[in-house]
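J.: would you be able to build a 3D model of this:
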Amino acid sequence: MGRIIGGFFVLLIGLGLGWGAWSSWSNGAAFRASATHTEGTVVDIASHRDSDGDTMYKPVIEFTTADGRTLQFTSSVSSSSPSYSRGDAVKLYYAPANPEDARLDSFMEKYFLPLILSVFASVFTLIGVLLFVGGIRHRRIRAWLAQHGMKVRAKFSGVELNQSLKVNGRSPWRLRAQWQHPVTQKVYIFYSDNVWFDPTEFCNRDQVDALVNADDPRQYMLDTSFLPQKA
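T.: Residues are numbered from 1 along each chain as shown. The predicted model follows:
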């Protein structure tokens, strides 16, 4: 169930980021459709430090509205090196009803946020789908093993940290065992489900039970029912 629930929540994050990407693009397109297109001049370069301590730069643009007012605004997009120089002529949009709401007519201004959100949305959605589908498949395999799996005795070979997984900086433990197929003589390594406490002191044994698909021993389930439940 953990993979299914985890995949579901990751998928929700991906869908939320996708909605954010669409909303960002849609709002920007609606703004440009009703805004006035004009030109301005870069009058200054504003600088600030980001969360990593690096200096970032934004152009300060001055423009004149249709009714003759002269206004300034700072671009919302920053870069690690100045993209403009003082005196550069730039194209921009501003809202006629609220000229202070002005934006550069540039690729970064129009597409940067929707693209970044789209990339993260795609990554989270893909991971969520894989976790969700993988979790369902894993649960079906375990259900099949519970009914049709071949019960075997595997040689217990120790307890280890599953460092491929971390939650709040902690990795779970898992039991490791090995079993030799009586027909093919191939040796298979079995791992238990994750255990969120150190089970070493409860594993004073030489063998552990496992349920195995005799036709595909990569499908298995190591029995850890002898371990106490975590309080």
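
J.: and the chain, what are its domains?
T.: Following automatic domain parsing, the chain resolves into domains at 2-115, 149-222.

J.: need those in a markdown table (columns: mean neighbour count).
T.: (Glycine included, C-beta is placed from N, CA and C.) Formatted as a markdown table, the domains of the chain follow (neighbours: other Cβ atoms under 10 Å):
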| stretch | mean neighbour count |
| --- | --- |
| domain 2-115 | 15 |
| domain 149-222 | 14 |
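
J.: which among the ones you listed is found nearest to Gly135?
T.: domain 2-115 (3.0 Å; Cβ to Cβ).

J.: related to what we said a few turns ago, so which of the domains of the chain gets nearest Arg139?
T.: Arg139 sits nearest to domain 2-115 of all those, at 7.0 Å, using Cβ to Cβ.

J.: any regions of the protein where pLDDT drops low?
T.: 1-2, 231 (pLDDT under 70).

J.: can you say which helix or strand has Met108 in it?
T.: helix 107-148 (DSSP states H and E).

J.: and that helix, what does it pack against?
T.: helix 2-34, strand 207-212, strand 220-222 (3 or more Cβ pairs under 8 Å, 6 or more residues apart in numbering; DSSP states H and E).

J.: now the angle between helix 2-34 and that helix, please.
T.: 160 degrees (axes from the mean of the first three to the mean of the last three Cα atoms, to 10 degrees).

J.: ok now helix 107-148, how far from the chain's centre?
T.: Remark: helix 107-148 is offset 9 Å from the chain centroid, using Cα atoms, centre = their mean, to the nearest Å.

J.: ok, then the element right after that helix?
T.: Next element after helix 107-148 (DSSP H and E): strand 150-161.

J.: now the element after that next one, going C-ward?
T.: Taking DSSP H and E, what comes next after strand 150-161 is strand 173-180.
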